[in-house]
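>>> quick one, structure for this:
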Amino acid sequence: MMNKHLIIYAVIFMLSACGGGSTNTPEDEVPVTDDPFQPIESTENLSIPNNREFDTYNVLILGNSHVAGIEVLLTKIFTHVKADKTINIETHGGMFLDTIINNKSIVEALQNNQWTHVILQGQKYSQSHSVLYPIDATVTWIQRAKTIGATPILFPEHPLKNRPEDAVYVHGIHTRIAQKQYSCVAPIGLTWNKALMLSPGLDLHSSDGNHAKQLGKLLTSLVLYETITGESADLLTFSDTLPGDAATQALFGQVTSQAIIENPPCDF
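Numbering: from 1, shown residues only. You can find the predicted model right below:
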């Protein structure tokens, strides 16, 4: 299909980000079977493949509603600044990572194509920060990506509106996952915090206070761009095909690169 060179006390319920269950399930409660489409426990912990120097980036994005629109913006960023690179992106969105762990068509899409990068969003977490959800599925997706030689990139969600503490909490969950199974962790929420601290009037959230507007999606996409390429988003020039004016795009580049300097995504 493409070029080869490519997880007490509330009002009695807990909400996971963007939906999800409300049961405080221990991480080791997910059953292990011999079915290749089931979560697997393995002591294998491969190093992270470094695919930054490829001429063609083949990127698979898995996640829930927070990945909507990222494919289009990433493609526009690359079209604007990387004439020497080709990027091909395929997105499977609208789902948590644990709900698609048995999805044969998605597993086969991962295993039967030559992906250079696999972006993983949709690890469940508690908006009240009081419930710990299993990480087994996310760990399994990381293992699967590395097995085919792709760079796994965890995508911690941006914070809810006016709740910067969410970014630190969610980033911490993903950092601990990457300590268990080596993976890149894109500092998306931490970058949002930096941008909003410097410019509190930025309109990054949709009316629900959860999802991102196009401007917020651009900031997320810039973090993913620098994580994929290793090249500074701070050096990007203004593009009228992207959301925001020149000053906003420049700010986004600066906070992205600073957040990545402070929180390196990949330990190659």
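>>> can you check what pLDDT the model gives Tyr125?
What the model reports for Tyr125 is a pLDDT of 96.
>>> these two touch, right, it and His171?
No: taking contacts as CB atoms under 8 Å, Tyr125 lies outside contact range of His171: 10.6 Å. (Glycine included, C-beta is placed from N, CA and C.)
>>> which neighbours do those two have in common?
Residues touching both Tyr125 and His171 by CB atoms under 8 Å, 6 or more residues apart in numbering: none at all.
>>> can you give me the strands for the stretch 101-250 of the chain?
In the stretch 101-250 of the chain, the strands defined using DSSP state E, counting those that start in this stretch lie at 117-120, 151-154, 184-185.
>>> what lies in contact with the last one?
Around strand 184-185, the neighbours that count as contacts under CB under 8 Å, 6+ apart are 48, 151-154, 156, 171, 174-175, 177-178, 227, 263, 265-266.
>>> would you list the phi and psi of the residue nearest the centre of the chain?
With distances taken as CA atoms, centre = their mean, Phe155 lies nearest the centre of the chain, 1.7 Å away. Phe155 adopts backbone torsions of phi -120, psi 90, taken as degrees, to the nearest 10.
>>> that one contacts Thr138, doesn't it?
No: the criterion here is CB under 8 Å, and Phe155 misses it with Thr138 at 10.5 Å.
>>> put together CSV for the strands of the stretch 101-250 of the chain, with distance to Leu97 and mean pLDDT on each row.
Listed next are these as CSV, based on distance: least, CB to CB, whole Å; pLDDT from 0 to 100:
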stretch, distance to Leu97, mean pLDDT
strand 117-120, 6, 98
strand 151-154, 10, 98
strand 184-185, 14, 98
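>>> overlap of the contact sets of Phe155 and Thr138?
Counting by CB under 8 Å, 6+ apart, the residues touching both Phe155 and Thr138 are Leu120.
>>> show me the contacts for the residue nearest to the centre of the chain.
Applying CB under 8 Å, 6+ apart to Phe155 gives the contacts 63, 66-67, 119-121, 186, 188, 220, 224.
>>> among these, which one lies nearest to Glu165?
Taking CB to CB as the measure, Glu165 lies nearest Ile188 of the contacts of Phe155, at 15.1 Å.
>>> and the closest one, how many neighbours?
Neighbours of Ile188 under the rule other CB atoms under 10 Å: 32.
>>> and the residue nearest to the centre of the chain, how far from Ser207?
Distance, Phe155 to Ser207, using CB to CB, to the nearest Å: 23 Å.
>>> again, but for Thr229
Taken as CB to CB, the span from Thr229 to Ser207 is 33 Å.
>>> which helix or strand lies directly C-terminal to the helix or strand where Leu74 lies?
Under the criterion of DSSP states H and E, Leu74 resides in helix 70-81. Going down the chain from helix 70-81, the next helix or strand is strand 86-92, by DSSP H and E.
>>> so what does that following strand touch, helix or strand wise?
Contacts defined by 3 or more CB pairs under 8 Å, 6 or more residues apart in numbering; DSSP states H and E place strand 86-92 against strand 56-62, helix 70-81, helix 104-111.
>>> neighbouring strands - and their directions - for it?
strand 56-62 (parallel) (DSSP bridges).
>>> run the angle between the partner strand and helix 70-81 for me.
Calculated by axes from the mean of the first three to the mean of the last three CA atoms, to 10 degrees, strand 56-62 forms an angle of 160 degrees with helix 70-81.
>>> and strand 56-62, average pLDDT?
For strand 56-62, the mean pLDDT works out to 98.
>>> so how far is that strand from its chain's centroid?
Computed by CA atoms, centre = their mean, to the nearest Å, the chain-centroid distance of strand 56-62 equals 12 Å.
>>> again, but for stretch 180-192
Once both centres are worked out by CA atoms, centre = their mean, stretch 180-192 turns out to sit 7 Å from its chain's centre.
>>> list the buried residues in stretch 170-187.
170-171, 173-174, 177-178, 181-187 (16 or more other CB atoms under 10 Å).
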